[in-house]
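*Asks:* I would like to see how this sequence folds:
(2 chains)
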Amino acid sequence: MAYSDKVIDHYNNPRNVGQLDKSSSEVGTGLVGAPECGDVMRLQIKVNPETQVIEEAKFKTFGCGSAIASSSLATEWVKGKTIEEAMQITNTDIVKELALPPVKIHCSVLAEDAIRAAIGDWKKKNGVTEGAEVAQAVAAN
Amino acid sequence: MSTTEIGNVSVPAGVNLPLYMDNHATTPLDPRVLEAMMPYFTTVFGNAASRNHSFGWEAEAGVEKAREQVAKLIGATAKEIIFTSGATESNNLAIKGIAEMYKERGNHIITQATEHKAVLDTCKRLEKSGYRVTYLPVKADGLIDIEDLKLAMDDKTILVSIMFANNEIGVIQPVAEIGKLCHERGVLFHTDAVQAVGKIPVDVNAMNIDALSLSGHKIYGPKGVGALYVRRRNPRVQISEQINGGGHERGMRSGTLNVPGIVGLGKACELAGEEMVAETKRLIALRDKLKAKLEGALDYIHVNGSWEHRLPGNLNMSFVYVEGESLLMGINEIAVSSGSACTSATLEPSYVLKALGLGDDVAHSSIRFGLGRFNTEAEVDYVADKLIDVVQKLRELSPLYEMVKEGIDISKIEWQAH
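*Replies:* Prediction:
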């Protein structure tokens, strides 16, 4: 399997490895995948309650090089984005950026799932529903 | 900032990269074998089947010498050796050839779960043409249970095909016991001995083997050549040919002989026989050192398959909570293999490891080291150091390792399979 330079770079120098305090109300945690499938990603975000901007992102991944790169990239991308903007990130963006081959597309899907799971967890903790989120966003403006 | 640079181990003097430690897949040609082969590419180019000139006679002499060399290594006679294109062909010829020849007597074949695909797929093909095949399970150590074999035999059983040593986990099946049982029951016994011949003692008579497949490129010989041993006495085994043509190899395998390849196979067998005792001792020492270094530095690692009944050069280990392909990526200048799904064409983890009852997660984390004639102690040290470094770094990245260290039972988590 030949990897793109970007995959190799993320593998050699993974960004934002670590963990955030998952009991904090500002932190959303997404744990996706399964050990028997060969990949598990944990992606965490720390959201500013005022601005809804993702100020911190951390990950840990058990998986192949493409899975590590996809989740590392995902933490880079969500940082500085609002919750709403982060929800716009799709797996195809990740595939394109990392030049993933077809057999590795599931790694990008998992990274997208991880972002959504982390955001979902944060929303649940903060009692944010879809409608309320819009209202809050408007209020913030 | 949490950046984790992966793989910062300096390469010691005497170690050249890329480094080859995948000798179950194939082996480099021994220079002495190449030397023996060279004349047969150039001056001695005759067709071994040409009976009326010296070019043919010389080629034939080279082939017959090789036949003796191959036979000697496995305790056979030269007339019992049929040259083929490799062990896949030998396995096909033995299993299909025996099944066809003995179909009046019965239609039942017994094999086992961790055979090479050349045996399993051949058996599946025969199932489509009316044969019954029993695939014996293996125990957690990778060995078959002789009692299972006894129970599987019935009055329609014509053939048992059980490999000598496994290509992934290196475990050595109780071949002598299997052979004894087969002969008592009047059932023919074929063994795919590709990984065993030249590495450990093989004696077709003492072990009651009726047919045996071997290959050149696993024993420092050339690719594209192998042999099938077919017993001629007690009992005389008959095989129906699978390739029709000029009636070469006593009618069992037509096709002009690959003279340089056969000469190389013969030389490789001769060298393997001469050096087996010393090489076994050296490889066991290297392998044990590799294992000891890894075990000394890393937790949650274990050997797959029986440690006691194992080829000298084989070490198959799972580095739990690290995925195999990412591990290979970190040691990309070291050639080894993984049982991870991500490294296989089918995206399925190793069926051999699964047959041992290992979970997919453990199979995903496995690495096969295949030590061989040209590996050195300096290489073993480097491989161990590099691997330890990469495993430790990947575990810093592994949510599973973190959870286990925190005392979380990850088997209790409801994972979403995808």
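*Asks:* Quick check: the nearest residue to residue B:54 once chain neighbours are set aside vs residue B:270, distance?
*Replies:* Spatial nearest neighbour of residue B:54, excluding adjacent residues (C-beta to C-beta, 6 or more residues apart in numbering or on different chains): residue B:46 at 7.7 Å. Where C-beta positions appear, they are placed from N, C-alpha and C, glycine not excepted. Remark: distance between residue B:46 and residue B:270 (C-beta to C-beta, to the nearest Å) = 22 Å.
*Asks:* Surely residue A:17 is in contact with residue A:68?
*Replies:* No: at 9.5 Å, residue A:17 and residue A:68 do not qualify as touching, with contact defined as C-beta atoms under 8 Å.
*Asks:* what do these two both touch?
*Replies:* Contact criterion C-beta atoms under 8 Å, 6 or more residues apart in numbering or on different chains; residues shared by residue A:17 and residue A:68: residue B:397.
*Asks:* Tell me which of these two has more neighbours.
*Replies:* Under the criterion of other C-beta atoms under 10 Å in any protein chain shown, the comparison of residue A:17 against residue A:68 puts residue A:68 first, with 30 against 21.
*Asks:* Could I get the contacting residues of the more buried one?
*Replies:* Residues counted as contacts of residue A:68 (C-beta under 8 Å, 6+ apart) are A:10, A:11, A:14, A:61, B:326, B:397.
*Asks:* Export those residues as CSV, with columns for neighbour count.
*Replies:* Output for the contacts of residue A:68, formatted as CSV (neighbours: other C-beta atoms under 10 Å in any protein chain shown):
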residue, neighbour count
A:10, 23
A:11, 25
A:14, 26
A:61, 32
B:326, 31
B:397, 26
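*Asks:* where along chain A do the strands fall?
*Replies:* Assigned by DSSP state E, chain A shows strands spanning A:27-34, A:39-47, A:54-62.
*Asks:* so where's the longest helix in the chain?
*Replies:* Just going to use chain A. The residue-count maximum for a helix in chain A (DSSP state H) belongs to helix A:105-125.
*Asks:* Oops, wrong one, chain B.
*Replies:* What stands out as the longest helix in chain B, according to DSSP H, is helix B:259-297.
*Asks:* Can you mark which positions in that one are buried?
*Replies:* B:259-273, B:276, B:279-280, B:282-283, B:286-287, B:290-291, B:293-294 (16 or more other C-beta atoms under 10 Å in any protein chain shown).
*Asks:* Would you mind listing the buried residues in the following helix or strand past it?
*Replies:* Counting by DSSP states H and E, the next helix or strand C-terminal to helix B:259-297 is strand B:301-303. Within strand B:301-303, the residues scored as buried using 16+ other C-beta under 10 Å are B:301, B:303.
*Asks:* Strand B:301-303 - contacts with which helices or strands?
*Replies:* When contacts are defined as 3 or more C-beta pairs under 8 Å, 6 or more residues apart in numbering or on different chains; DSSP states H and E, strand B:301-303 packs onto helix B:259-297, strand B:314-319.
*Asks:* contacts for that strand?
*Replies:* B:291, B:294, B:295, B:315, B:316, B:317, B:318, B:319, B:320, B:391.
*Asks:* Can you turn the buried part of those into a ChimeraX selection?
*Replies:* In ChimeraX, this line selects whichever of the contacts of strand B:301-303 come out buried by 16+ other C-beta under 10 Å:
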select /B:291,294,315,316,317,318,319,320,391
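*Asks:* could you redo the contacts of strand B:301-303 as a markdown table and give each row distance to residue B:131 and pLDDT?
*Replies:* Output for the contacts of strand B:301-303, formatted as a markdown table (distance: C-beta to C-beta, whole Å; pLDDT from 0 to 100):
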| residue | distance to residue B:131 | pLDDT |
| --- | --- | --- |
| B:291 | 41 | 98 |
| B:294 | 44 | 98 |
| B:295 | 45 | 98 |
| B:315 | 37 | 98 |
| B:316 | 32 | 97 |
| B:317 | 37 | 96 |
| B:318 | 36 | 95 |
| B:319 | 41 | 96 |
| B:320 | 40 | 94 |
| B:391 | 45 | 97 |
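*Asks:* Name the nearest of the contacts of strand B:301-303 relative to residue B:374.
*Replies:* residue B:315 (16.6 Å; C-beta to C-beta).
*Asks:* What residues does that closest one make contact with?
*Replies:* B:170, B:287, B:290, B:291, B:303, B:368, B:369, B:371.
*Asks:* again, only using 6 Å
*Replies:* Residues near residue B:315 by C-beta atoms under 6 Å, 6 or more residues apart in numbering or on different chains: B:287, B:290, B:291, B:369.
*Asks:* per-residue pLDDT, the first one?
*Replies:* Spelled out, that is residue B:287. pLDDT for residue B:287: 98.
*Asks:* how near is it to chain A?
*Replies:* Using C-beta to the nearest C-beta, to the nearest Å, residue B:287 is found at 27 Å from chain A.
*Asks:* who in chain A is up against chain B?
*Replies:* Residues of chain A found near chain B (C-beta under 6 Å from any C-beta of the partner chain) are A:12-14, A:17-18, A:34-38, A:40, A:42, A:60, A:62-65.
*Asks:* low-scoring pLDDT stretches of chain A, where are they?
*Replies:* Counting by pLDDT under 70, chain A contains low-confidence ranges at A:1, A:130-141.
*Asks:* can you rerun that using 80?
*Replies:* Within chain A, the ranges that satisfy pLDDT under 80 run A:1-2, A:129-141.
*Asks:* who are the neighbours in contact with the residue nearest to the spatial centre of it?
*Replies:* Nearest to the geometric centre of chain A sits residue A:115, at 3.3 Å (C-alpha atoms, centre = their mean). By C-beta under 6 Å, 6+ apart, the contact list for residue A:115 reads A:74, A:89.
*Asks:* and if we set it to 7 Å?
*Replies:* A:30, A:43, A:74, A:78, A:86, A:89 (C-beta atoms under 7 Å, 6 or more residues apart in numbering or on different chains).
*Asks:* shouldn't the last one be in contact with residue A:77?
*Replies:* Read that as residue A:89. Yes: when contacts are counted by C-beta atoms under 7 Å, residue A:89 is listed as touching residue A:77 (5.7 Å).
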